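K.L.:
Sequence and predicted structure, then a few things I'm wondering about:
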Amino acid sequence: MTNKSPLITIRIFLQGLFVQLIIMPLAVLASSQHQHSTSLDAHVHGLSQLTIIIEKSTMALQLSSPAANLIGFEHIAKTPQEISRLEQLNQQLKDAKHYSWQRKESCRLEKANIDVSSLLPTPKTSKGHTSHHQHAEEKHSHKSKHSEILAHYRYHCSHTNMPSSMAISLFDSFPNIEKIRVMWIKDTKQGATFLTPTQRDIEFK
């Protein structure tokens, strides 16, 4: 059996993800991604992953990150303060202000779907009491659970101003992110790179 080169493997992965992101409704994708993550790395604090697919006039982005990178904790949000922080994070990611191009008019955001379900409180038992078994599970979850946050974006890009690069400013809002692994595909080209607080630009070439 012939071994596939890394770039061929990346291209196959990204093409499959493009079908999921563009053909499947984003709401359905967010639900399925929560149980079947497409991340190629294990859960590593400080590391996030960004996947970019550009096909004709459509750009699809998927950000996958340990919750600790974005909100500072990975347990179920319980206190009013934690729930408020989670709501703020949801809106912050939905605004999609962390992605930019040389020409602002190059791409227009069409859809954004943020999945923070791994941090949402689960329904309590009747009368608001938690059973001893549930309490034990929550205590164990608080110590050992790894929670991921997923953000999916779809942009419509101008044919005349199709971006050849983009800048990522996630590091400014989320200092717990130390590195972002990027995989991208554009037409017949593909590539992979790492971003850091001092290297934030992606060149599609």
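P.N.:
Arrived safely. Numbers count the residues shown, from 1 in each chain.
K.L.:
just checking, next helix/strand downstream of the longest helix along the chain?
P.N.:
If you go by DSSP state H, the chain has its longest helix at helix 80-94. Going down the chain from helix 80-94, the next helix or strand is strand 99-100, by DSSP states H and E.
K.L.:
Any buried residues in stretch 198-205, and which?
P.N.:
Within stretch 198-205, the residues scored as buried using 16 or more other CB atoms under 10 Å are Arg200, Ile202, Phe204. C-beta coordinates here come from the backbone N, C-alpha and C atoms, glycine included.
K.L.:
And for stretch 183-195?
P.N.:
Residues of stretch 183-195 classed as buried by neighbour count (16+ other CB under 10 Å): Met183, Trp184, Ile185, Lys186, Gln190, Gly191, Leu195.
K.L.:
correct me, but the third one touches Ile53?
P.N.:
Yes. Here Ile185 lies in contact with Ile53, judged by CB atoms under 8 Å, at a distance of 5.3 Å.
K.L.:
Please enumerate the strands of the chain.
P.N.:
Secondary structure of the chain (DSSP state E): strands located at 47-55, 58-66, 99-100, 107-115, 148-157, 165-168, 179-186, 189-195, 201-203.
K.L.:
returning to what we had before: what is the nearest of the buried residues of stretch 183-195 to Cys157?
P.N.:
Lys186 (10.5 Å; CB to CB).
K.L.:
Correct me if wrong: that closest one contacts Ile54.
P.N.:
Yes. Here Lys186 reaches Ile54: they are 4.1 Å apart, a contact under CB under 8 Å.
K.L.:
Between these two, which contacts overlap?
P.N.:
By the contact definition CB atoms under 8 Å, 6 or more residues apart in numbering, Lys186 and Ile54 are jointly contacted by Phe204.
K.L.:
need the contact list for Val44.
P.N.:
So Val44 contacts Pro66 (CB under 8 Å, 6+ apart).
K.L.:
same question but for Ser165, I mixed them up
P.N.:
Trp101, Gln102, Asp201, Ile202, Glu203, Phe204.
K.L.:
Please verify my assumption that the second one contacts Pro163.
P.N.:
Going back to what we said before, that points to Gln102. Yes. Under the criterion of CB under 8 Å, Gln102 makes contact with Pro163 at 7.0 Å.
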